[in-house]
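>>> Generate coordinates for the sequence data below:
(one chain, ligands or ions: 1)
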Amino acid sequence: MPWVQLHIQSDREHAELLEELLLEAGAEAVSMEDSEDTPLYEPERGTTPLWDSTRVTGLFQGEADLESVRSQVSEAWHAATQTHLESIETELLEDREWERAWMDDFRPERFGDRLWICPSWQEPPDPEAVNLVLDPGLAFGSGTHPTTRLCLEWLDQADVRGLDLIDYGCGSGILGLAALKLGARHMVGVDNDPQALDASRDNAQRNGISDEALDLYLPEEQPSQDCSLMLANILAQPLLSLAPTLAAQVRPGGRIVLSGILSTQANSISDRYARWFSMESPTEQEGWVCITGTRYTD
Ligand SMILES: C[S@@+](CC[C@H](N)C(=O)[O-])C[C@H]1O[C@@H](n2cnc3c(N)ncnc32)[C@H](O)[C@@H]1O
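Just a heads-up that it's a prediction; the model follows:
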């Protein structure tokens, strides 16, 4: 599905007002960008960046009535400030993987011998298989991306029965929930995107997974804990900086599964984690790799 962004230039006093007006007009998300040189990001919950010159951007579904959005925002702005909004720029976005673009490609798919990921709006083709029924919502993780697929195929051939695991960067919850379906005992999902935690919770319920089998945290709220299996499909850069954090959460003898890594980045990831783990050779699909390791026991 295409998405449209409306950009409005603002000064620091009015950025929050614009955020409010865009949300009232139906924006799915609002982000702010320093017009000078700081990259675009979504403000953390409860915080607002205060740059002198800020570009406020509202994200709308492609079918939104932009003319009515524009006039609603302009009129509310005029009512609040007695001035006219100078310009609202429109930008049509290409389909993006981390939104709902995956839906077109998302069909029931088998990973390895036993595991199927099935969209929640279709019947599982093999009711006897290990089926994870999934709606990723706005979170990443439907299994169509090679980084997810590599992890799912690893899980299918592993014996995860009885394990407690952490799915770091859980997105839709796909990896950790698949592990639970394959017999793991408990999952901790961690993600810095609150929408991912919501999607993981919904997907757990969809699959009849009990509340006791699942805990979900933002990284800063995660209690100190460890596990026997760490799954982390994030990009290489966060994996490099998170290495001590992730390593500290894996018990001696426990396994780590790292993905989201381009094949050209494999060596630097293996080298970094080799301090704590005996690292194995990467598996590769379409230029992406998954690297596993076993935590040293001493
Ligand atoms: C590539 S997606 C993987 C989603 C899912 N686990 C899968 O395998 O398809 C990466 C996820 O990691 C989250 N993420 C990125 N950086 C993070 C960080 N530093 N701490 C926690 N989560 C992070 C993102 O919000 C996103 O949901």
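>>> Report the residue spans of the stretch 51-200 of the chain with pLDDT below the cut-off.
Applying pLDDT under 70 to the stretch 51-200 of the chain picks out residues 51-52, 93-105, 136-143.
>>> show me where it has strands.
53-61, 88-93, 109-111, 115-119, 130-134, 164-168, 186-190 (DSSP state E, counting those that start in this stretch).
>>> Tell me which residues are up against the fourth one.
The reference is to strand 115-119. Defining contact as CB atoms under 8 Å, 6 or more residues apart in numbering, one finds that strand 115-119 is touched by 103, 106-111, 124-126, 129-135, 142-143, 152, 155-156, 174, 178, 181-182. Just so you know, the C-beta spots here come from the backbone N, C-alpha and C atoms, and that holds for glycine as well.
>>> If any of those are buried, put those into a PyMOL selection.
Paste this into PyMOL to select the buried members of the contacts of strand 115-119, with burial taken from 16 or more other CB atoms under 10 Å:
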select buried, resi 106+108+109+110+111+124+129+130+131+132+133+134+135+142+143+152+155+156+174+178+181+182
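>>> Near the ligand, list only the ones from the contacts of strand 115-119.
Residues of the contacts of strand 115-119 in contact with the ligand (CB under 6 Å from any ligand atom): Ile174.
>>> returning to what we had before: of all the strands of the stretch 51-200 of the chain, which one comes closest to Leu17?
strand 53-61 (9.2 Å; CB to CB).
>>> how distant is the closest one from the center of its chain?
21 Å (CA atoms, centre = their mean, to the nearest Å).
>>> Could you do stretch 11-21 as well?
Counting by CA atoms, centre = their mean, stretch 11-21 comes out at 27 Å from the chain centroid.
>>> Give me the buried positions along it.
His14, Ala15, Glu16, Leu18, Glu19, Leu21.
>>> element containing the last one, please.
For Leu21, the element it lies in under DSSP states H and E is helix 15-24.
>>> and that helix, C-alpha only, in PDB?
Provided in PDB are the C-alpha atoms of helix 15-24 (Å, rounded to 0.1, in the frame of the first residue of the first chain):
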ATOM      1  CA  ALA A  15       6.400  21.900  16.400                       C
ATOM      2  CA  GLU A  16       4.200  20.200  19.100                       C
ATOM      3  CA  LEU A  17       1.100  22.000  17.900                       C
ATOM      4  CA  LEU A  18       1.700  20.800  14.400                       C
ATOM      5  CA  GLU A  19       2.200  17.300  15.700                       C
ATOM      6  CA  GLU A  20      -1.200  17.400  17.400                       C
ATOM      7  CA  LEU A  21      -2.900  18.800  14.400                       C
ATOM      8  CA  LEU A  22      -1.500  16.100  12.100                       C
ATOM      9  CA  LEU A  23      -2.500  13.400  14.500                       C
ATOM     10  CA  GLU A  24      -6.000  14.900  14.800                       C
END
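>>> measure the spatially most central residue of the chain to Asp198 for me?
By CA atoms, centre = their mean, the mean C-alpha position of the chain lies nearest to Gly171, the distance being 3.4 Å. Gly171 is 11 Å from Asp198, where distance means CB to CB, to the nearest Å.
>>> ditto for Leu231
19 Å.
>>> More neighbours: which of these two?
Taking neighbours as other CB atoms under 10 Å, Leu231 and Asp198 compare with Leu231 leading, 28 against 16.
>>> List the residues that contact the more buried one.
Counting by CB under 8 Å, 6+ apart, Leu231 has contacts Cys151, Leu155, Leu165, Ile166, Asp167, Tyr168, Leu175, Gly176, Ala179, Val257.
>>> Relative to Ala80, which of those residues is nearest.
Out of those, the member with the shortest distance to Ala80 (by CB to CB) is Tyr168, at 42.2 Å.
>>> That closest one contacts Ala243, correct?
No: Tyr168 is beyond contact range of Ala243, at 11.4 Å (criterion: CB atoms under 8 Å).
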